[in-house]
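K.L.:
Next one to model:
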Amino acid sequence: MEKIERCSKLEGVVDINDGGPDEMIINTEWGAFGDDGAMDSIRTRFDEEVDRGSINPGKQLFEKMISGMYMGEIVRVVLERLAREGLLFNGEYEAISVPGSFPTKFVSEIESDVLEDEDRSFQKTFQILEDIGVENVSAMDCANVAYVCSLVSTRAAHMTAAGIAMLLNRMNKKYVTVGVDGSVYRFHPSFPKLLDEKIDNPIKGDLEYQLMLSEDGSGRGAALVAAVASRVKRERGEK
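P.N.:
Numbers count the residues shown, from 1 in each chain. Okay, here's the model as predicted:
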């Protein structure tokens, strides 16, 4: 929610002094953040490779660094580079070089494997790599794959947290509920915790928030918008 008086595009279009609303819902489309070069200093050669192989190169760059649609592919290109340099899988990279062969669900499953596997047998991780077609996998390979997954998912959580925190600071409301949708937040074993912890750092003052899983995608959001609009209309009629 944003104050209309702070929406420069609406100057001369909406007069909040004429009985109209003083706030409106904003779709930030933050997936496109960085398309103007603002994130060039933190994008890596792996991000650039994933972007080049996407259906919209140069677009939605922030989304390509944080979303489940691309997280697994980022991990894959990192693993491929490490294998090509002889640092993984005894230098065998053919299986891991297939685009799309490492979906984001593997990231969640591998990191869950590490958290649940007290004796570090990496049973699930071994199985995933074998299913992909990677041969001669060692326990050290599994540990390194898990480490790459952790780096990529942690970066995504921290970047997402930065965006949420800045919006909370701009809204400057005492308490805000943040609805979060998506398979990464729902199934990744540590993403929600990483996100929650990191949001706290950049928040100014004593602002409070709550993260809440939205389990039905945009449907609930659309229903909420309709309900708010109906209430506002009803209240105006009553006045």
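K.L.:
which residues in the chain form helices?
P.N.:
Counting by DSSP state H, one finds helices in the chain at the ranges 45-52, 63-66, 68-84, 104-116, 123-132, 139-171, 183-187, 191-199, 218-238.
K.L.:
Lowest mean pLDDT across those, which one is that?
P.N.:
If the helices of the chain are sorted by mean pLDDT, helix 218-238 sits at the bottom with a mean of 68.
K.L.:
Can you list phi and psi of the residue lying closest to residue 181 once chain neighbours are set aside for me?
P.N.:
Leaving out its chain neighbours, the residue that sits closest to residue 181 by CB to CB, 6 or more residues apart in numbering is residue 214, at 4.4 Å. For glycine as for every other residue, the C-beta is placed from the backbone atoms N, C-alpha and C. As for residue 214, its main-chain torsions (degrees, to the nearest 10) stand at phi -100, psi 110.
K.L.:
Run a quick neighbour tally on residue 214.
P.N.:
When neighbours are counted by other CB atoms under 10 Å, residue 214 registers 17.
K.L.:
So it versus residue 54, what's the distance?
P.N.:
26 Å (CB to CB, to the nearest Å).
K.L.:
again, but for residue 129
P.N.:
Taking CB to CB, one finds residue 129 at 25 Å from residue 54.
K.L.:
more neighbours, those two?
P.N.:
Taking neighbours as other CB under 10 Å, residue 129 and residue 54 compare with residue 129 leading, 25 against 18.
K.L.:
list the contacts for that one?
P.N.:
Residue 129 sits next to 137, 141, 142, 145 when contact means CB atoms under 8 Å, 6 or more residues apart in numbering.
K.L.:
residue contacts, the residue nearest the centre of the chain?
P.N.:
Centroid-nearest residue in the chain, with CA atoms, centre = their mean: residue 66, separated by 3.4 Å. Residue 66 is in contact with 156, 159, 160, counting by CB under 8 Å, 6+ apart.
K.L.:
is it possible to export those residues to a markdown table including distance to residue 83 and neighbour count?
P.N.:
Below are the contacts of residue 66 laid out as a markdown table (distance: CB to CB, whole Å; neighbours: other CB atoms under 10 Å):
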| residue | distance to residue 83 | neighbour count |
| --- | --- | --- |
| 156 | 23 | 24 |
| 159 | 26 | 19 |
| 160 | 29 | 24 |
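K.L.:
How many neighbouring residues does residue 82 have?
P.N.:
Counted with other CB under 10 Å, residues neighbouring residue 82 total 19.
K.L.:
now residue 137
P.N.:
Using other CB under 10 Å, the number of residues around residue 137 comes to 21.
K.L.:
Also residue 107?
P.N.:
Residue 107, neighbours per other CB under 10 Å, totals 29.
K.L.:
Is it correct that it is in contact with residue 72?
P.N.:
Yes. Using CB atoms under 8 Å, residue 107 makes contact with residue 72 at a distance of 5.6 Å.
K.L.:
For burial, what's the neighbour tally of the closest residue to residue 197 other than its chain neighbours?
P.N.:
Of all residues not flanking residue 197 in the chain, residue 161 sits nearest, at 8.0 Å (CB to CB, 6+ apart). Neighbour count of residue 161, defined by other CB under 10 Å: 22.
K.L.:
Go ahead and confirm residue 161 touches residue 193.
P.N.:
No. Taking contacts as CB under 8 Å, residue 161 lies outside contact range of residue 193: 11.1 Å.
K.L.:
list residues touching both of those two?
P.N.:
What both residue 161 and residue 193 touch, as defined by CB under 8 Å, 6+ apart, is an empty set.
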